[in-house]
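Enquirer: please find the sequence and the predicted model below.
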Amino acid sequence: MRTIAIINQKGGCGKTTVSINLAATLASRGFKTLLVDMDPQSHCALGLAVPEAQIDKSTADLLRSGLSGELGVADITWQISRNLDLAPSTVALAGVEPQLANAPDRDRRLAQVLATAADRYQYCIIDCPPSIGLLTFNALRAADEVIVPVETGYFAMQGSFRQEQTIEMLAQKVGHRVRFSILPTLYDVRTKLAREILNELKKHFGDKLLPLVINFNAKLKEAASFGQPITEYDAGSRGMQDFEELAAWLQQHPPRAALSVAPAEDVVAHGSAEAHTPPRPAGAPEIGPSPASSANPSLSRAAELVERARELSTRTVVLSQRLNREVHDEQIHEPIPPKPAESLEAPASSEAQPTLQPLAVQPAPERPGLQEKLERVYGIKHTTEGVLFIQPAEGAGRVGVAGDFNNWNPASTPMRRNEQLGVWQACIKIPAGRYRYRLVVDGQWVQDPHNPQTETNPFGELNNVVEVH
């Protein structure tokens, strides 16, 4: 049984649409196919007109039971069509992670139970939740390959650059390497942005980008609303053609046998154990090689990831590097940290911004370290006038701040350049509370590298956090 996990920690990229219609298309080609829903939202059942109220047993019960013999795959499946079965989920699946937290096989439950049904199916498609946790770990352990649907929009593209590293890391932690492929979805060839983003994906992912796309097609949404796969709703639609191409490509390009290793016992519990890669048999190629590893077989996996991370460096990293050079070249006037009330002048109008007053540098026998300089000059400062945002000025033509406090509109809070100090600054009056924000540098949304308080956003990137008391 060939098992394919559909994974992306970002929601709204078409995971369930791909899962349902790929499974249905494979079934229409005569392959006995099992669709497994590992998302507590139970969208696979909804998209195939299976009423949740009538689901007696689900994947939650299957994972709890494991290999105890109390429950088998056949006990929870619904027959959707002649060759398509569904193992549905319910909201109860959300409670499985804490229930299995102490089980020694907690990340192998799905692989174990699917193995008992491997002789009954030729394909298994796993729809994963929009998060990285125990449910996704189980899907990775059970899968031969991973398909990551990526919406051809700007934010989805930015998140996809980190997605590969996340999947690679998780695959190594669970001790099971899989083939990794990027599938562009919701593609609209009429828009210049979609075409440009597709080209960027080709540059970054190379051979890992599938040579096909799932076009934006209203029939796919209509089919889901009627509880039917596209194979039944409109077999002559563009959406059906796209999934026929996807199924044909997968059929013609099976993955090589996966290389598995024994993971550390506590890998899921602590998330820090290292996976040990076994020596490769003579002549055995590595699964899912990147262009870099193909060109240089002696390149280690760690070196390959480092090389890829360098290629995917964001504008934030570039900004930090420029800042480091600026400090070392002594091009930054270092102000003595003033008291907030004394360092800012009250604005003359609602649009006026307080300015930092350059002060003489006090002589010191030893120069302070770089980290101390960064903390004293850049980042956020709480003042009596509001929250003061300060960023280096080199290399940027326009900088703004966007966050919860301004409805994520950087145009409403632009930063102003202080020529004397060589910085961008903005003082924003923000009510008490906890807020998320990002910087917008020349139209690029980036993390504030000088504020250590962060949290992950739905696009797999980091938002900064500011707390106002």
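Expert: Done, it's in. This one's a predicted model, so the numbers in the text were calculated from it and none came from an experiment. Numbers count the residues shown, from 1 in each chain.
Enquirer: with only the CA atoms kept, save stretch 6-18 in PDB.
Expert: Coordinates of each C-alpha in stretch 6-18 appear next as PDB, following Å, rounded to 0.1, in the frame of the first residue of the first chain:
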ATOM      1  CA  ILE A   6      -1.000  15.800   2.600                       C
ATOM      2  CA  ILE A   7       0.700  18.200   5.000                       C
ATOM      3  CA  ASN A   8       0.900  21.900   5.500                       C
ATOM      4  CA  GLN A   9       0.800  23.700   8.900                       C
ATOM      5  CA  LYS A  10      -0.900  26.700   7.200                       C
ATOM      6  CA  GLY A  11      -4.700  26.500   6.700                       C
ATOM      7  CA  GLY A  12      -6.600  27.400   3.600                       C
ATOM      8  CA  CYS A  13      -4.100  26.000   1.100                       C
ATOM      9  CA  GLY A  14      -6.300  23.300  -0.200                       C
ATOM     10  CA  LYS A  15      -5.200  20.200   1.800                       C
ATOM     11  CA  THR A  16      -8.600  18.700   2.200                       C
ATOM     12  CA  THR A  17      -9.600  19.500  -1.400                       C
ATOM     13  CA  VAL A  18      -6.400  17.800  -2.600                       C
END
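Enquirer: list the buried residues in stretch 386-398.
Expert: Neighbour-count burial for stretch 386-398 flags Gly386, Val387, Leu388, Phe389, Ile390, Gln391, Pro392, Ala393, Ala396 (criterion: 16 or more other C-beta atoms under 10 Å). All C-beta spots, glycine's among them, are computed from the backbone N, C-alpha and C.
Enquirer: not counting its neighbours along the chain, what's nearest the first one?
Expert: If the residues on either side of it in the chain are set aside, Gly386 comes closest to Lys429, at 4.0 Å by C-beta to C-beta, 6 or more residues apart in numbering.
Enquirer: so what's Ala94 up against?
Expert: Residues in contact with Ala94 (C-beta atoms under 8 Å, 6 or more residues apart in numbering) are Pro40.
Enquirer: please renumber so the chain begins at 504
Expert: Renumbered: residue one is now 504, and that last one reads Ala597.
Enquirer: mind checking the SS state of it?
Expert: Classification of Ala597 using DSSP: H, G, I helix; E, B strand; the rest coil returns helix.
Enquirer: return the distance of it relative to Leu617.
Expert: 21 Å (C-beta to C-beta, to the nearest Å).
Enquirer: before we move on, what about Asp907?
Expert: Separation of Asp907 from Leu617 (C-beta to C-beta): 42 Å.
Enquirer: tell me which of these two has more neighbours.
Expert: Using other C-beta atoms under 10 Å, the more surrounded residue of Asp907 and Leu617 is Leu617, with 23 against 15.
Enquirer: minimum pLDDT in the buried residues of stretch 889-901, which residue is that?
Expert: Here the lowest pLDDT out of these sits on Ala896, with 67.
Enquirer: buried ones in stretch 607-616?
Expert: Arg609, Asp610, Arg611, Arg612, Leu613, Ala614, Val616.
Enquirer: show me how far that stretch is from its chain's centre.
Expert: Here stretch 607-616 is found 24 Å from its chain centre; the criterion is C-alpha atoms, centre = their mean, to the nearest Å.
Enquirer: CA atoms of it as PDB?
Expert: The C-alpha trace of stretch 607-616 is given here as PDB (Å, rounded to 0.1, in the frame of the first residue of the first chain):
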ATOM      1  CA  PRO A 607       5.600   4.400  24.100                       C
ATOM      2  CA  ASP A 608       4.200   4.000  20.600                       C
ATOM      3  CA  ARG A 609       2.300   7.200  20.600                       C
ATOM      4  CA  ASP A 610       3.800   8.400  17.300                       C
ATOM      5  CA  ARG A 611       3.500   5.000  15.600                       C
ATOM      6  CA  ARG A 612      -0.100   4.200  16.200                       C
ATOM      7  CA  LEU A 613      -1.400   5.100  12.800                       C
ATOM      8  CA  ALA A 614       1.400   3.300  11.000                       C
ATOM      9  CA  GLN A 615       0.700   0.200  13.000                       C
ATOM     10  CA  VAL A 616      -3.100   0.100  12.400                       C
END
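Enquirer: shaky segments in the stretch 704-853 of the chain?
Expert: Low-confidence segments of the stretch 704-853 of the chain (pLDDT under 70): 760-853.
Enquirer: again, only this time at 90
Expert: Along the stretch 704-853 of the chain, the model assigns pLDDT under 90 to residues 704-711, 719-720, 724, 727-728, 758-853.
Enquirer: all strands of the stretch 554-703 of the chain, in order?
Expert: Taking DSSP state E, counting those that start in this stretch as the test, the strands found in the stretch 554-703 of the chain are 581-582, 587-590, 626-630, 648-654, 682-688.
Enquirer: now tabulate those strands in CSV and tack on mean neighbour count and mean pLDDT.
Expert: Putting the strands of the stretch 554-703 of the chain into CSV (neighbours: other C-beta atoms under 10 Å; pLDDT from 0 to 100) gives the following:
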stretch, mean neighbour count, mean pLDDT
strand 581-582, 12, 95
strand 587-590, 25, 96
strand 626-630, 26, 97
strand 648-654, 25, 90
strand 682-688, 22, 90
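Enquirer: will you turn those into TSV that also has distance to Val716?
Expert: What follows is the strands of the stretch 554-703 of the chain, written out as TSV (distance: least, C-beta to C-beta, whole Å):
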stretch	distance to Val716
strand 581-582	30
strand 587-590	24
strand 626-630	19
strand 648-654	10
strand 682-688	4
